[in-house]
Every structure is written in C-alpha cells, then in structure tokens.
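> missing the sequence, but the structure's below:
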C-alpha cells in the first residue's frame, strides 16, 4: 500500500550462471534548485494521513503508514529513483536457478536499540509476517517461499445463511524454505523458480524486526524500533490523528542517509488546508494536492514544484457482493459503467494533465507494459455503447434502483473531486441516480472494504511496491492476495500469473502477466481509470526535493534551509 522515469525489471541469468542482485544505484530525478547551503539538522514537515495499523512492516500496506515504516526500517535492498535495486543490508544476493537463493548479510548491522541484525533476524521476521495467526496484511508476499502453504493457511467456513468467514489455521509455525546457515548467511528455497523474486526484497514486508516486536507486536507498533535512516523522535511520537515525528538516525550507514534532521508527518483529512499551509510555509512538502490547485500549483510554487510519470494507477472497484453487478447482467453493467466514464475529459479538466487515461491494470513506467491488451476497448468513452449494454443487462435482470449507486472515497487523498466527476458522468450518461460517500480518512475506507460492507463502488489506487507487472496484478487481483480486499477469484487469471512466475525469462513472464490481464478485462473487478504524472510542491524552507520511481517522495533526500 508509492517519480521518475521508466523502472526496469532486471534480467536474471540462469542455466548454471550466477545472478547477483543489487548494485550501486544512481541519483534520483530531482525537482527544484540547488542544495548548496542546506541545513542537515533542519526537521521538515510533510503531508501525511493517520496510519490504519500499528507500524509493523508486515501489517502496513497503505500509504499513510508506509511513508513512516519505509523511513524507520531498512531491508536487504533499497530502490534508487528509477526502481533499480541497490544493496542495503545485503552483501550479495545470488542464485544459479532462480529457485534457490543465498543471501549474505552485511556484518555489524544493528537496530537502534543495539540488537544485532543477522540471518536469524530475517528468518524470524519473515516467519512472523507469514504466519496467518499473526494477521499481518503483507503475509502473502512470502507465498513464493517453500513452506508458506503450511504457515499462511487460512480455513474458510460457510454458514447456513451463505456468509463466508475465514479463520487462520496454520499447520506449521515456520517456513521450511528459510534457513540461517550462520549469522551472515540466509538461504531461501522457493516453491518454483521465479524471474522477479529478488526485486521484491526492497519492499517493506521483507524488513527485519527486533525480537521485542515479535513478543508484543501491538505495543511495538505504537513505538517501533528500526534500523532505517530515521527513528521515532521519542516514546509517544505518534500522536494519533495529528502527527508522527521522526528524527535522523545518527548510526545509520546505508544507501539512504538523511540529508535533513528529521521528518514530521502532519495528518490531514483534506488536502485543501494542507495546501494553504504550504503556501504559508507552515508545511514543507506534499505530493497530495487539492484538485483546484492542479491548474495553479506551478505558478503558486514557482521553482518549487515537480511532476513526472510514476508507477501509480487509479481504479473503481466493484464489489462482487453487490447484487446489481452479479451474474451476466452484472458483467454487462460493469462494461456499461466503464464506457460511461470520460477518462480523457476528467484527466484534462479535473487533473489538468497530471493524470493519463489508463489502457490496462498496471503502469506505463514498468518494463513489459502494453497498451494493446485484448479487451481494453472497454475503457473507451462511448455513451451509446454504455446505454446499449445497460439495456441488455436490464433485459436479463432489472437494476434495483431503490437506492442511488454509491461511490465511496476518502477526502484525505484528494479524491472527492474526481469521484464527483465520475459519479455525475455515470448519472448523466446512464440515467441512474448516484451519490458520493466521502470518508475523512483512508483508514475508514479500508475498514469498509475489509468488512465487506461497501454500499457501492469505491475509489482505489495502487502504488508500486517493487518494479514488476506482477506486483500490480498478483497483489491486487489474485485469489487470496493481501490487497484483494473484495475476495475476487478467477482461476484462469491465477493460472496465467503462476505460469508467468515460473518463467525464468522476464520477457516471457511479462507476456503471461499481460495475458492474465485479458481475464481482468473480461471480468472487470475494477474499472481502470488513469495513471499518475505525480506532482509535488514544497515550501520556501526546502532547497531541493525528489520523488522515486513509484511516486514516493524521497524524504531522506529533501534538503532544507
């Protein structure tokens, strides 16, 4: 649950040759002026939102919490501004067959409490995140490792009324594919060869945890102890619904050394007041702008703004439990809704060109992207076709119009304006009543989705965790995936993803992933809308700033006056 130029999937050399993952990175794509005279002790303030969960890498998969977790912790790899993995805690990551991996940990690494980080640390941390009884949202990231099926198992039971409930029921506590050979050597055996597995190791799910986190995760998540470029300012630095304050970690020696004294994330439920604070220099940097500022931010923040394509997309999710969109009639209605949305006009008028109409379910900055997936013509704005499909659905099963079609969204992400525009377009083009339900916090929207209680459609966005098509497809839409909150399940889609993962050649893997998208276009669990050309602005207190390949501000590289 995160701008730069194209992110490239690394080729993995197989057939008896050794692939070494991780190398020196390049500097990021920058916005703004020179950083001469910067103040390395200055604490910057940044736009944030209340995290949904305790600040544990395995539990955090939404942007409010991830902004913080990624600064508090460091993994085996990090990503440079272009999405290229660079070694962090890893000395080397090697494989001869893309199934059996040997990872050497840099000696001497420690958490800020002085606890050593060893191969055993990763074994324990990954097993904790994967174990279903620990209820970590990112557990499915470990599904590729041998033994995950026993550790991450979940039993589903169906009640007489037809409702389905899930309960964790692992048959093992640890994954058999993980082993600490010694303090510096971690071996990983995957269920099968996977072309892009090493690319994932910079994502937060794979961060190490100190032993105290495993003993009392909830308590730890309120005041986490990490090993990243920043630490919590003090006990209780997370003031709920207000802010989280981080300060520079003086003992950090990795590739993301802080260029400022700290970051305080100020929580907003509306980007409008944040924009006003930015103009008054009461907030230093933000990548969330109100819709009405997208036409003026360049003039409002002359020489203090930047925008570039990033690995972020947006969509409208249609819950499978919504009776109006079930069966063959429901499929026709989903197609009708898609044709009724004028993506080109909304990206031009509402977003002022800071979005690009979507052509598929991933992102153009990723290697393997294709704008010609069969079935993607359903994204074309066509009012006549929308009305025709809706009428065909009516002939099969009448639409229940007793309530307006609800569009749920969150205001702290700056979404309400475009959701209003989409809802109004659907209402005008299909002749049905609509309403917009605006929730103040992203966490509130996630809770509705997790409880399977959405009254209608909902806005969603995916920000790349690691630079791969699979990250956008498998983590959102495959059966049982961590971000598949509506529990969609398409066996053919799962099979094609599996075939892609089994390929040791990235080009063949991407071809399978794109073939899997054809299933998504037939089923339409969500309606792809657009890709982000991510803008950000900063105050007079900042000299230079940059974003990464997936749109996340590289906070550690923000240089302040």
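Received it, and whenever you're ready, just let me know what you need. Note that this is a predicted model, so its numbers are computed, not measured.
> which SS class is residue 102?
Three-state call for residue 102 (DSSP: H, G, I helix; E, B strand; the rest coil): strand.
> in the sheet, who's paired with it?
Taking DSSP bridges as the rule, residue 102 bridges to residue 94, residue 187.
> Identify all contacting residues around stretch 274-282.
By C-beta atoms under 8 Å, 6 or more residues apart in numbering, the surrounding residues in contact with stretch 274-282 are 45, 47, 266, 268, 283-286, 288-290, 293, 300-301, 537-541. C-betas here are computed from N, CA, C, even on glycine.
> from the residues you listed, which would you call buried?
Buried members of the contacts of stretch 274-282, counted by 16 or more other C-beta atoms under 10 Å: 45, 47, 266, 268, 283-286, 288-290, 293, 301, 537-539, 541.
> Out of the residues you listed, list just those in strands.
If you go by DSSP state E, the buried ones among the contacts of stretch 274-282 have 45, 47, 266, 285-286, 537-538 in strands.
> Which member of the residues you listed is positioned nearest residue 458?
Lowest distance from residue 458 to those (C-beta to C-beta) belongs to residue 47, with 22.0 Å.
> Would you mind confirming that residue 170 makes contact with residue 148?
No - between residue 170 and residue 148 no contact is recorded; they are 9.9 Å apart, counting by C-beta atoms under 8 Å.
> the more surrounded of the two?
Between residue 170 and residue 148, counting by other C-beta atoms under 10 Å, residue 148 is the more crowded of the two (27 against 19).
> so what's the residue sitting furthest away from the middle of the chain scoring on pLDDT?
What lies farthest from the middle of the chain is residue 395; by C-alpha atoms, centre = their mean that is 39.4 Å. Note for residue 395: predicted pLDDT of 97.
> And it, how close does it get to residue 431?
Residue 395 sits 16 Å away from residue 431, going by C-beta to C-beta, to the nearest Å.
> again with residue 248
In terms of C-beta to C-beta, residue 248 sits 58 Å off from residue 431.
> who's more crowded, these two?
Using other C-beta under 10 Å, the more surrounded residue of residue 248 and residue 431 is residue 248, with 20 against 10.
> Phi first, then psi, for the more buried one.
Note on residue 248: backbone dihedrals following degrees, to the nearest 10 are phi -60, psi 140.
> Does it have any beta-bridge partners, and if so which?
Residues in a beta bridge with residue 248, per DSSP bridges, are residue 230.
> OK, contacts around it?
Contacts of residue 248 (C-beta under 8 Å, 6+ apart): 40, 229-231, 258, 260-262.
> can you redo those residues as JSON lines with neighbour count, distance to residue 243 and pLDDT?
Converted to JSON lines, those look like this (neighbours: other C-beta atoms under 10 Å; distance: C-beta to C-beta, whole Å; pLDDT from 0 to 100):
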{"residue": "40", "neighbour count": "12", "distance to residue 243": "22", "pLDDT": "96"}
{"residue": "229", "neighbour count": "27", "distance to residue 243": "19", "pLDDT": "98"}
{"residue": "230", "neighbour count": "26", "distance to residue 243": "14", "pLDDT": "98"}
{"residue": "231", "neighbour count": "24", "distance to residue 243": "16", "pLDDT": "98"}
{"residue": "258", "neighbour count": "22", "distance to residue 243": "18", "pLDDT": "98"}
{"residue": "260", "neighbour count": "25", "distance to residue 243": "16", "pLDDT": "98"}
{"residue": "261", "neighbour count": "16", "distance to residue 243": "16", "pLDDT": "98"}
{"residue": "262", "neighbour count": "22", "distance to residue 243": "12", "pLDDT": "98"}
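> of all the residues you listed, which two lie farthest apart?
Pairwise over these, using C-beta to C-beta, the maximum falls at 40 and 231, 15.9 Å.
> Surely residue 497 is in contact with residue 472?
No - applying C-beta under 8 Å, one finds residue 497 not in contact with residue 472, separated by 11.2 Å.
> chain center to the longest helix belonging to the chain: distance?
Scanning the chain for the longest helix, with DSSP state H as the assignment, gives helix 506-523. Computed by C-alpha atoms, centre = their mean, to the nearest Å, the chain-centroid distance of helix 506-523 equals 20 Å.
> Could you list every helix and strand that that helix packs against?
Judged by 3 or more C-beta pairs under 8 Å, 6 or more residues apart in numbering; DSSP states H and E, the packing partners of helix 506-523 are helix 469-477, helix 491-502.
> Deepest in the core, which of the ones you listed is it.
Among the helices and strands packed on helix 506-523, ranked by average contacts under mean count of other C-beta atoms under 10 Å, first place goes to helix 469-477 (a mean of 26).
> what pLDDT, on average, does that one get?
Across helix 469-477, pLDDT averages out at 94.
> what's the answer for stretch 59-70, then?
When pLDDT is averaged along stretch 59-70, the result is 93.
> which residues sit against it?
Stretch 59-70 is contacted by residues 1-2, 46, 48-53, 55-57, 135-138, 204-205, 207, 217, 221, 224, 228, 244, 246, 265, 267, 412-413, 442-443, 446, 463, 482-483, 552, 555 when judged by C-beta under 8 Å, 6+ apart.
> and with 7 Å instead?
For stretch 59-70, contacts defined as C-beta atoms under 7 Å, 6 or more residues apart in numbering pick out 1-2, 48-53, 55, 57, 136-138, 204, 221, 244, 265, 442-443, 446, 463, 482-483.
> Now intersect the residues you listed with the strands, please.
Using DSSP E, the members of those that fall in strands are 48, 244, 265, 463.
> List the contacts of the second one.
Think residue 244. By C-beta under 7 Å, 6+ apart, residue 244 lies in contact with 48, 68, 237-238, 265.
> Look up the closest residue to residue 128, ignoring the ones flanking it.
Nearest non-adjacent residue to residue 128, counting by C-beta to C-beta, 6 or more residues apart in numbering: residue 214, 5.3 Å away.
> Can you report how many residues neighbour that neighbour?
14.
> avg pLDDT for the helix or strand encompassing it?
Using DSSP states H and E, residue 214 sits within helix 211-215. For helix 211-215, mean pLDDT is 97.
> Contacts for that helix next, please.
For helix 211-215, contacts defined as C-beta under 7 Å, 6+ apart pick out 56, 115, 124, 128, 220, 225.
> can you tell me which two in those are farthest apart?
56 and 115 (16.2 Å).
> For the two, work out which one has more neighbours and name it.
Between residue 56 and residue 115, counted using other C-beta under 10 Å, the more crowded position is residue 56 (26 against 16).
> Spit out the contact partners of that one.
Neighbouring residues of residue 56 by C-beta under 7 Å, 6+ apart: 136, 213, 217, 220-221.
> Looking at those, which are in helices?
In this view, the contacts of residue 56 that belong to helices under DSSP H are 213, 217, 220-221.
> Format the residues you listed as JSON lines; extra columns: distance to residue 103 and neighbour count.
Output for these, formatted as JSON lines (distance: C-beta to C-beta, whole Å; neighbours: other C-beta atoms under 10 Å):
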{"residue": "213", "distance to residue 103": "21", "neighbour count": "25"}
{"residue": "217", "distance to residue 103": "24", "neighbour count": "19"}
{"residue": "220", "distance to residue 103": "25", "neighbour count": "19"}
{"residue": "221", "distance to residue 103": "26", "neighbour count": "21"}
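> any weak-confidence spans in the chain?
Across the chain, the ranges flagged by pLDDT under 70 are 1-36, 155-168.
> how about the helices in the stretch 201-350 of the chain?
With helices called from DSSP state H, counting those that start in this stretch, the stretch 201-350 of the chain shows them at 211-215, 217-222, 271-279, 297-300, 327-339, 343-349.
> could you say what helices and strands the fifth one packs with?
Pointing back at helix 327-339 there. Helix 327-339 sits against helix 383-396, with contacts defined as 3 or more C-beta pairs under 7 Å, 6 or more residues apart in numbering; DSSP states H and E.
> what do you get if the cut-off is 10 Å, keeping everything else the same?
Contacts defined by 3 or more C-beta pairs under 10 Å, 6 or more residues apart in numbering; DSSP states H and E place helix 327-339 against strand 305-317, helix 383-396, helix 416-430, helix 506-523, strand 526-538.
> Kind regards, and thank you for your time.
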